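**Q** Pasting a predicted model and its sequence here:
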Amino acid sequence: MSANPLVTRELLFSYFTGQATVLQKQLIEKWVAESPLHEEYFYTCLHEWETQNLLFKADVESAITQFHDRFTDQATFLGESQAAQIPARKDKKTAGWKIVLVAASVLFLFLFGAWHVREEVLYKSYKTSYGEISQIRLRDGSQVVLNANSVLQVPRFGFGGRSRNVRLRGEAKFSVVHTPDDKRFVVMTDSVFQVEVLGTAFNLSARKSGTKVVLQEGRVKVLYKGKPSQPATTLIMAPGDLIKVDKRQKKLRVKRVQNPENYSAWRDGRFVFENTSLNEIKDLLHDNYGLTVVLDGTDVPTMSVSGSFQARSANELLQALSEILNIHIIRQDDQVLLVGKR
C-alpha cells in the first residue's frame, strides 16, 4: 500500500499510460527509490495495469480472412495444375486450425507489446545514431561515453541503491566510481558475456561481429559462457588486458596490449589501428556509420592498416584509407566499394 497520499493507484496507472506530468513522474520515481516496499507496490500496480489493458485488439474475422488469403496465394504460386488438386472445401477441422493460429498470433502480439511497455517503464534507454557520440553521467557518479549506433539501458528504480546493473548493445567507454559499500557495477551484453567491476575504467564493445573489453585502470571480472546453458568461465583482468570473443568462431581470446587507451580513442574522433585488416575496418564502418562495404579484388581483402587517423566522419576515414592503401573508394549512399588501383 502507498504510504504517500499523493502516490495513488490511479496516479500510477496514469504513469504507465504515459499521461503523468513531469512533476508527477519525478514524484513517483523519488517515492519508489525511497523504500523496497514502495518498489514492490509499484510492480504490483504495474502487473495489475498490464492484465487490465490489452495492448492489441484483434479482429479475429479479419485475421481468419488474411490467413485464407495467404493459403489462396500459396495455391496460386504452386501453379494451376497443383492448385487444382487442393480441396476447395472448408471443413470444421481446417477452420479449427485457423482459429488456433489466429489465437496464437494474438497471444504473441499481446505478450510482445506487454513486454515492450514493461521495458520502457523499468529502463531508461540512452541511444546514439550512426556517427553520433554521447556522454552520460549515471546517478552513482559513473561516467559513460556511448559510441555510435549503441544503446545503454539503465534501471529507472533501484540503480545505485541495491544494485548497479546496466545493459549495453554497441560500444561504450566506462569510468566507474567506487562506492563506500563496495557495490559491484555490472554491464550485461547478452546471455553469454558480462563484465563486473567495483571502480575502474574500461572500454567495452558488444557488436554483432563479437564482444571485446579492454581494461585501462583497476580490476575487472569477466563472466563468459560458450553457450547460455553452460557454466560461466570467470576471468580476472589487469590493466592492459584485452579479452575478445569472436561470435563467428565462438572463441575467447586473451592478450596484452601496450596502449589500452587507444581502444577508446574514438571518443576524440580518432582511430588507432595496429595491423588491423580491412575486414575488421569493414565491420567498424558498418557498426559506426551504417555503411555496407564490399572489398573488390584479390589483394584488397588481405590488406591491413597501422597508424592513428583523425576522422570526424565516415568520408574522412574512407579518404584516409584511400591515401594510405592506394585504393579507390566508390560510394553511393550507404554502399561503399573498395577497389585496388591497377
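**A** Cool, got the structure.

**Q** Walking through the chain, point out its helices one by one.
**A** 9-16, 22-34, 36-52, 60-78, 80-83, 92-122, 278-289, 314-325 (DSSP state H).

**Q** Run through the stretch 101-250 of the chain and note the low-pLDDT ranges.
**A** For the stretch 101-250 of the chain, the stretches with pLDDT under 70 are 101-119, 191, 247-250.

**Q** Could I get the full set of strands for it?
**A** For the stretch 101-250 of the chain, applying DSSP state E, counting those that start in this stretch gives strands covering 123-127, 134-137, 143-146, 151-155, 165-176, 185-190, 193-197, 200-206, 210-217, 220-224, 233-237, 241-246.

**Q** Now for the nearest residue to Asn165 once chain neighbours are set aside: which residues touch it?
**A** Leaving aside its sequence neighbours, Asn165 sits nearest to Val186 (C-beta to C-beta, 6 or more residues apart in numbering; 4.5 Å). For the C-beta atoms, the positions are set from N, CA and C on the backbone; glycine is no exception. By C-beta atoms under 8 Å, 6 or more residues apart in numbering, the contact list for Val186 reads Ser163, Arg164, Asn165, Val166, Gln194, Val195, Glu196.

**Q** What subset of these is buried?
**A** Buried members of those, counted by 16 or more other C-beta atoms under 10 Å: Arg164, Asn165, Val166, Gln194, Val195, Glu196.

**Q** The residue nearest to the fifth one when sequence neighbours are not counted bridge partners, please.
**A** Translated: Val195. Computed as C-beta to C-beta, 6+ apart, the closest residue to Val195 that is not its neighbour in sequence is Val187, at 4.5 Å. For Val187, the beta-bridge partners are Val166, Val195 (DSSP bridges).

**Q** Does Val187 touch Arg164 like I think?
**A** No. Taking contacts as C-beta atoms under 8 Å, Val187 lies outside contact range of Arg164: 9.5 Å.

**Q** And the residue nearest the centre of the chain, how close does it get to Ile330?
**A** Centroid check for the chain by C-alpha atoms, centre = their mean gives Arg169 as the closest residue, at 3.0 Å. Applying C-beta to C-beta, to the nearest Å, one obtains 31 Å for the distance of Arg169 from Ile330.

**Q** do Leu317 as well
**A** Applying C-beta to C-beta to Leu317 and Ile330 gives a distance of 15 Å.

**Q** Also Phe271?
**A** 21 Å.

**Q** domains for this structure, by residue range?
**A** What automatic domain parsing lists as the domains of the chain is 9-52, 60-122, 128-257, 269-340.

**Q** okay if I get the ones you listed as a markdown table plus distance to Tyr263?
**A** Output for these, formatted as a markdown table (distance: least, C-beta to C-beta, whole Å):
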| stretch | distance to Tyr263 |
| --- | --- |
| domain 9-52 | 35 |
| domain 60-122 | 30 |
| domain 128-257 | 4 |
| domain 269-340 | 8 |
